[in-house]
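Peer 1: All I have is the shape, not the residue letters:
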């Protein structure tokens, strides 16, 4: 009888899980869509991130999933560097780029199906550059503007993607 009870209990008990879990004194997790929220009570809230070379080292109990984050935001144009006016538009938009980086700027406009409908090349001397994009003959839709900076020696590459709305 005792042996049978021991076998039944042994079958229903798991000793190790394939998924990783952390035992907190209190806390929970919540997920909806692409958003995950973890919280705990009674834990150290400090999370430090160090990047020696290509390796990322973190400490603390609740670790962020760093695969979703771009750790080198310097490679993207900031909101202060790129101005697109007017957006939405009925025809033409003016793209103002004011970056201190020098090099060749490539501008690509894609339609909603991903087809390239315009491409252009400009030179950046580290001061403001303007380009007018004419969407007059195109149907009302959303378009994607992709800007890439191929740097001159001593400068850094940058990219950016922006939504253009044609009314």
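Peer 2: Good, I have the coordinates. The model shown is predicted, which means the values in this text are computed figures rather than measured ones.

Peer 1: Can you give the contact residues for stretch 77-95?
Peer 2: Residues from elsewhere that reach stretch 77-95 (C-beta atoms under 8 Å, 6 or more residues apart in numbering): 96-99, 107, 130-136, 145, 147, 149, 158-160, 162-167. Yep, even glycine has a C-beta here, placed from its N, CA and C like the rest.

Peer 1: Was I right to think residue 99 contacts residue 158?
Peer 2: Yes. Using C-beta atoms under 8 Å, residue 99 is in contact with residue 158, at 6.7 Å.

Peer 1: what do these two both touch?
Peer 2: 77, 81, 149.

Peer 1: ok, back up a step: so which of the contacts of stretch 77-95 belong to strands?
Peer 2: 96-98, 107, 130-134, 145, 147, 149, 158-160, 162-166 (DSSP state E).

Peer 1: Who are the contact partners of the closest residue to residue 106 other than its chain neighbours?
Peer 2: Nearest non-adjacent residue to residue 106, counting by C-beta to C-beta, 6 or more residues apart in numbering: residue 148, 4.6 Å away. By C-beta under 8 Å, 6+ apart, residue 148 lies in contact with 105-106, 108, 157-159.

Peer 1: how close does residue 148 get to residue 126?
Peer 2: 17 Å (C-beta to C-beta, to the nearest Å).

Peer 1: So what are the sheet partners of the helix or strand containing residue 103 and their directions?
Peer 2: Assessed by DSSP states H and E, residue 103 sits inside strand 102-110. When pairs are called by DSSP bridges, strand 102-110 turns out to pair with strand 116-125 (antiparallel), strand 141-151 (antiparallel).

Peer 1: Need these in TSV (columns: mean pLDDT and distance to residue 85).
Peer 2: Converted to TSV, the strands paired with strand 102-110 look like this (pLDDT from 0 to 100; distance: least, C-beta to C-beta, whole Å):
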stretch	mean pLDDT	distance to residue 85
strand 116-125	93	17
strand 141-151	94	13
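
Peer 1: Out of these, indicate the one that is most buried.
Peer 2: strand 141-151 (a mean of 17; mean count of other C-beta atoms under 10 Å).

Peer 1: and the angle from it to strand 158-166?
Peer 2: 160 degrees (axes from the mean of the first three to the mean of the last three C-alpha atoms, to 10 degrees).
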